[in-house]
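Participant: attaching a predicted model along with its sequence, questions to come.
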Amino acid sequence: MDGFDVVIHLSGENIAGRWTDQKKRRIRDSRVFSTDFLSQALAKSEKKPNTFICASAIGYYGSRGDEALTEESLSGDGFFPEVCREWEFATEPASDAGIRVVNLRTGIVLSRSGGALRQMLLPFKLGLGGRIGDGRQYWSWIHIADFISAVQHILCDVGGRASSPVHAPVNMVAPNPLTNAEFTRVLANVLKRPALLPAPAFALRLVFGELADEGLLASARVVPKKLLESAFQFRFPELKSAFDDLLI
(Lines give C-alpha, C1' and ligand atoms only; values in the text may rest on other atoms or scores of the structure.)
Protein backbone atom coordinates (compact mmCIF):
# COMPACT_ATOMS: atom_id res chain seq x y z
CA MET A 1 0.00 0.00 0.00
CA ASP A 2 3.02 2.35 -0.18
CA GLY A 3 3.17 5.31 -2.49
CA PHE A 4 -0.45 6.32 -3.04
CA ASP A 5 -1.50 9.96 -2.62
CA VAL A 6 -5.15 9.03 -2.13
CA VAL A 7 -7.04 5.79 -1.49
CA ILE A 8 -10.78 5.69 -2.24
CA HIS A 9 -12.84 2.74 -1.00
CA LEU A 10 -16.46 2.49 -2.21
CA SER A 11 -17.23 -1.23 -2.26
CA GLY A 12 -19.93 -3.07 -0.35
CA GLU A 13 -22.74 -5.59 -0.80
CA ASN A 14 -25.78 -4.08 -2.51
CA ILE A 15 -28.44 -3.38 0.12
CA ALA A 16 -31.29 -4.09 -2.33
CA GLY A 17 -33.23 -7.28 -1.73
CA ARG A 18 -34.87 -8.93 1.24
CA TRP A 19 -32.72 -8.65 4.37
CA THR A 20 -32.32 -12.24 5.48
CA ASP A 21 -29.81 -12.95 8.23
CA GLN A 22 -27.30 -14.05 5.57
CA LYS A 23 -27.89 -10.91 3.48
CA LYS A 24 -27.46 -8.67 6.52
CA ARG A 25 -24.22 -10.41 7.39
CA ARG A 26 -22.90 -9.79 3.85
CA ILE A 27 -23.98 -6.13 4.01
CA ARG A 28 -22.10 -5.61 7.25
CA ASP A 29 -19.02 -7.74 6.63
CA SER A 30 -18.38 -6.46 3.11
CA ARG A 31 -18.21 -2.92 4.48
CA VAL A 32 -16.66 -3.25 7.92
CA PHE A 33 -14.05 -5.96 7.27
CA SER A 34 -12.82 -4.50 3.97
CA THR A 35 -12.53 -1.02 5.49
CA ASP A 36 -10.69 -2.30 8.54
CA PHE A 37 -8.31 -4.30 6.33
CA LEU A 38 -7.49 -1.27 4.17
CA SER A 39 -7.24 1.07 7.13
CA GLN A 40 -4.82 -1.21 8.97
CA ALA A 41 -2.71 -1.66 5.84
CA LEU A 42 -2.53 2.10 5.20
CA ALA A 43 -1.62 2.78 8.82
CA LYS A 44 1.31 0.33 8.59
CA SER A 45 2.61 1.57 5.23
CA GLU A 46 5.95 3.40 5.12
CA LYS A 47 4.76 6.11 2.73
CA LYS A 48 1.23 6.85 3.86
CA PRO A 49 -1.38 8.52 1.65
CA ASN A 50 -2.50 12.06 2.33
CA THR A 51 -6.18 11.05 2.27
CA PHE A 52 -8.30 7.95 2.76
CA ILE A 53 -11.84 8.40 1.40
CA CYS A 54 -14.31 5.72 2.43
CA ALA A 55 -17.95 5.29 1.53
CA SER A 56 -20.62 5.52 4.19
CA ALA A 57 -24.35 6.26 3.88
CA ILE A 58 -27.05 8.57 5.17
CA GLY A 59 -28.45 5.39 6.68
CA TYR A 60 -26.19 6.44 9.57
CA TYR A 61 -28.97 8.77 10.75
CA GLY A 62 -31.81 6.27 10.65
CA SER A 63 -35.40 7.38 10.07
CA ARG A 64 -35.85 10.86 11.59
CA GLY A 65 -39.03 12.36 10.12
CA ASP A 66 -38.62 15.98 9.01
CA GLU A 67 -35.61 16.72 11.27
CA ALA A 68 -32.83 18.49 9.34
CA LEU A 69 -29.73 16.30 9.65
CA THR A 70 -26.18 17.65 9.38
CA GLU A 71 -22.86 15.92 9.90
CA GLU A 72 -23.12 16.81 13.61
CA SER A 73 -26.43 14.95 14.06
CA LEU A 74 -26.37 11.79 16.16
CA SER A 75 -26.72 8.35 14.65
CA GLY A 76 -30.11 6.67 14.63
CA ASP A 77 -31.44 3.27 15.66
CA GLY A 78 -31.66 0.11 13.61
CA PHE A 79 -29.56 -2.30 11.61
CA PHE A 80 -28.20 0.07 8.99
CA PRO A 81 -27.29 2.91 11.39
CA GLU A 82 -25.36 0.29 13.39
CA VAL A 83 -23.58 -0.89 10.23
CA CYS A 84 -22.69 2.70 9.29
CA ARG A 85 -21.25 3.39 12.75
CA GLU A 86 -19.06 0.27 12.56
CA TRP A 87 -18.13 1.12 8.95
CA GLU A 88 -16.91 4.59 9.90
CA PHE A 89 -15.22 3.36 13.06
CA ALA A 90 -13.23 0.90 10.94
CA THR A 91 -11.32 3.86 9.42
CA GLU A 92 -9.85 4.85 12.80
CA PRO A 93 -6.50 3.05 12.37
CA ALA A 94 -5.81 5.26 9.34
CA SER A 95 -6.93 8.39 11.17
CA ASP A 96 -4.82 7.50 14.22
CA ALA A 97 -1.83 7.14 11.89
CA GLY A 98 -2.21 10.74 10.74
CA ILE A 99 -4.02 10.10 7.47
CA ARG A 100 -6.87 12.47 6.63
CA VAL A 101 -10.03 10.35 6.60
CA VAL A 102 -13.27 11.39 4.89
CA ASN A 103 -16.41 9.26 5.27
CA LEU A 104 -18.88 9.88 2.43
CA ARG A 105 -22.39 9.68 3.90
CA THR A 106 -24.10 9.22 0.57
CA GLY A 107 -27.78 9.51 -0.28
CA ILE A 108 -29.60 8.24 -3.38
CA VAL A 109 -27.17 8.67 -6.29
CA LEU A 110 -29.06 9.49 -9.49
CA SER A 111 -27.51 7.99 -12.61
CA ARG A 112 -28.61 6.82 -16.06
CA SER A 113 -26.71 3.58 -15.74
CA GLY A 114 -27.79 2.08 -12.43
CA GLY A 115 -28.99 2.55 -8.87
CA ALA A 116 -32.46 3.49 -7.66
CA LEU A 117 -33.41 5.65 -10.64
CA ARG A 118 -32.89 2.84 -13.14
CA GLN A 119 -35.16 0.58 -11.10
CA MET A 120 -37.87 3.27 -10.94
CA LEU A 121 -37.88 4.18 -14.63
CA LEU A 122 -39.78 1.25 -16.13
CA PRO A 123 -42.89 1.44 -13.92
CA PHE A 124 -42.97 5.23 -14.23
CA LYS A 125 -42.60 5.11 -18.02
CA LEU A 126 -45.52 2.67 -18.11
CA GLY A 127 -47.62 5.04 -16.00
CA LEU A 128 -47.53 2.64 -13.06
CA GLY A 129 -45.43 4.75 -10.69
CA GLY A 130 -46.47 6.55 -7.55
CA ARG A 131 -45.50 7.44 -4.02
CA ILE A 132 -44.16 4.85 -1.60
CA GLY A 133 -46.22 4.42 1.54
CA ASP A 134 -47.73 7.74 2.58
CA GLY A 135 -45.01 9.60 0.66
CA ARG A 136 -44.12 11.86 3.59
CA GLN A 137 -40.68 10.37 4.15
CA TYR A 138 -37.79 12.54 3.00
CA TRP A 139 -35.48 11.23 0.28
CA SER A 140 -32.04 12.82 0.08
CA TRP A 141 -30.43 12.47 -3.34
CA ILE A 142 -27.47 13.64 -5.44
CA HIS A 143 -26.74 13.70 -9.18
CA ILE A 144 -23.80 11.44 -9.98
CA ALA A 145 -21.95 14.34 -11.63
CA ASP A 146 -22.17 16.31 -8.38
CA PHE A 147 -21.05 13.26 -6.42
CA ILE A 148 -17.91 12.96 -8.55
CA SER A 149 -17.27 16.70 -8.43
CA ALA A 150 -17.68 16.69 -4.66
CA VAL A 151 -15.06 13.95 -4.32
CA GLN A 152 -12.72 16.04 -6.47
CA HIS A 153 -13.52 19.06 -4.29
CA ILE A 154 -12.67 17.11 -1.14
CA LEU A 155 -9.37 16.08 -2.71
CA CYS A 156 -8.36 19.68 -3.38
CA ASP A 157 -6.30 19.57 -0.18
CA VAL A 158 -3.94 16.87 -1.47
CA GLY A 159 -0.53 18.47 -1.17
CA GLY A 160 -1.77 20.93 1.44
CA ARG A 161 -3.26 23.47 -0.97
CA ALA A 162 -6.60 24.06 0.78
CA SER A 163 -6.75 26.31 3.82
CA SER A 164 -9.73 24.48 5.37
CA PRO A 165 -9.65 20.85 4.25
CA VAL A 166 -12.76 18.73 4.67
CA HIS A 167 -12.37 15.99 7.27
CA ALA A 168 -14.35 13.11 8.72
CA PRO A 169 -18.01 12.63 7.67
CA VAL A 170 -19.40 14.54 4.69
CA ASN A 171 -23.06 14.41 3.68
CA MET A 172 -23.01 13.61 -0.05
CA VAL A 173 -26.47 14.89 -0.94
CA ALA A 174 -27.95 17.81 -2.86
CA PRO A 175 -29.07 20.80 -0.77
CA ASN A 176 -32.79 20.28 -1.48
CA PRO A 177 -34.13 16.93 -0.22
CA LEU A 178 -37.76 16.21 -1.07
CA THR A 179 -40.46 14.00 0.34
CA ASN A 180 -41.05 10.81 -1.57
CA ALA A 181 -44.38 12.19 -2.81
CA GLU A 182 -42.61 15.26 -4.21
CA PHE A 183 -39.79 13.13 -5.64
CA THR A 184 -42.15 10.83 -7.51
CA ARG A 185 -44.26 13.76 -8.73
CA VAL A 186 -41.20 15.49 -10.23
CA LEU A 187 -40.08 12.24 -11.89
CA ALA A 188 -43.53 11.65 -13.38
CA ASN A 189 -43.75 15.24 -14.65
CA VAL A 190 -40.35 15.02 -16.37
CA LEU A 191 -41.39 11.72 -18.00
CA LYS A 192 -44.83 13.20 -18.82
CA ARG A 193 -46.56 10.30 -17.11
CA PRO A 194 -49.09 10.08 -14.28
CA ALA A 195 -48.00 9.03 -10.78
CA LEU A 196 -51.25 7.63 -9.47
CA LEU A 197 -50.41 4.15 -8.18
CA PRO A 198 -48.94 4.25 -4.67
CA ALA A 199 -47.06 1.29 -3.23
CA PRO A 200 -48.71 0.53 0.14
CA ALA A 201 -46.39 0.21 3.12
CA PHE A 202 -47.81 -3.18 4.14
CA ALA A 203 -47.10 -4.62 0.70
CA LEU A 204 -43.52 -3.30 0.76
CA ARG A 205 -42.99 -4.90 4.17
CA LEU A 206 -44.28 -8.23 2.84
CA VAL A 207 -41.89 -8.12 -0.12
CA PHE A 208 -38.80 -6.47 1.37
CA GLY A 209 -39.12 -7.07 5.10
CA GLU A 210 -36.75 -4.96 7.19
CA LEU A 211 -35.42 -3.11 4.12
CA ALA A 212 -38.84 -1.50 3.65
CA ASP A 213 -38.72 0.30 7.01
CA GLU A 214 -35.01 1.13 7.02
CA GLY A 215 -34.80 2.04 3.34
CA LEU A 216 -37.87 2.76 1.25
CA LEU A 217 -40.06 4.10 4.07
CA ALA A 218 -37.29 5.71 6.14
CA SER A 219 -37.17 9.50 6.29
CA ALA A 220 -33.78 11.24 6.21
CA ARG A 221 -33.83 14.99 5.52
CA VAL A 222 -30.08 15.37 5.14
CA VAL A 223 -28.29 18.70 4.61
CA PRO A 224 -24.81 18.89 2.96
CA LYS A 225 -23.53 21.37 5.53
CA LYS A 226 -19.81 20.71 5.08
CA LEU A 227 -19.91 20.89 1.30
CA LEU A 228 -21.84 24.17 1.40
CA GLU A 229 -19.52 25.67 4.03
CA SER A 230 -16.51 24.70 1.93
CA ALA A 231 -17.97 26.60 -1.06
CA PHE A 232 -18.76 23.55 -3.18
CA GLN A 233 -20.94 24.51 -6.15
CA PHE A 234 -23.70 22.05 -7.03
CA ARG A 235 -24.48 21.81 -10.74
CA PHE A 236 -27.82 20.17 -9.95
CA PRO A 237 -29.19 21.51 -6.65
CA GLU A 238 -32.82 20.93 -7.71
CA LEU A 239 -34.33 17.56 -8.55
CA LYS A 240 -36.01 18.71 -11.77
CA SER A 241 -32.75 19.95 -13.24
CA ALA A 242 -31.12 16.63 -12.30
CA PHE A 243 -33.88 14.61 -14.00
CA ASP A 244 -33.85 16.93 -17.03
CA ASP A 245 -30.13 16.23 -17.45
CA LEU A 246 -30.43 12.48 -16.95
CA LEU A 247 -33.67 11.70 -18.74
CA ILE A 248 -34.29 14.24 -21.52
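Facilitator: The structure has been received and is ready for your questions. Numbers count the residues shown, from 1 in each chain.

Participant: okay, the residue nearest the centre of the chain: pLDDT?
Facilitator: Centroid-nearest residue in the chain, with C-alpha atoms, centre = their mean: Thr106, separated by 2.0 Å. With respect to pLDDT, Thr106 has a value of 98.

Participant: so it versus Ser45, what's the distance?
Facilitator: Between Thr106 and Ser45 the distance is 26 Å, computed by C-beta to C-beta, to the nearest Å. For the C-beta atoms, the positions are set from N, CA and C on the backbone; glycine is no exception.

Participant: list the buried residues for stretch 5-22?
Facilitator: Val6, Val7, Ile8, His9, Gly12, Ile15, Trp19 (16 or more other C-beta atoms under 10 Å).

Participant: just the ones in strands from the residues you listed, please.
Facilitator: If you go by DSSP state E, the buried residues of stretch 5-22 have Val6, Val7, Ile8, His9 in strands.

Participant: ok, the last one touching Leu38?
Facilitator: Spelled out, it's His9. Yes - in this structure, His9 is within contact of Leu38 by C-beta atoms under 8 Å, at 5.5 Å.

Participant: hey, what's in contact with both of the two?
Facilitator: Phe52, Cys54 (C-beta atoms under 8 Å, 6 or more residues apart in numbering).

Participant: give the contact list for the residue nearest to Phe80 when sequence neighbours are not counted.
Facilitator: Nearest residue to Phe80 in three dimensions, chain neighbours excluded: Gly59, at 3.8 Å (C-beta to C-beta, 6 or more residues apart in numbering). Contact analysis of Gly59 by C-beta under 8 Å, 6+ apart lists Phe80, Pro81, Val83, Cys84, Glu214, Gly215, Ala218, Ala220.

Participant: closest to Ser63 out of those?
Facilitator: Lowest distance from Ser63 to the contacts of Gly59 (C-beta to C-beta) belongs to Ala218, with 3.8 Å.

Participant: alright, I will stop here.
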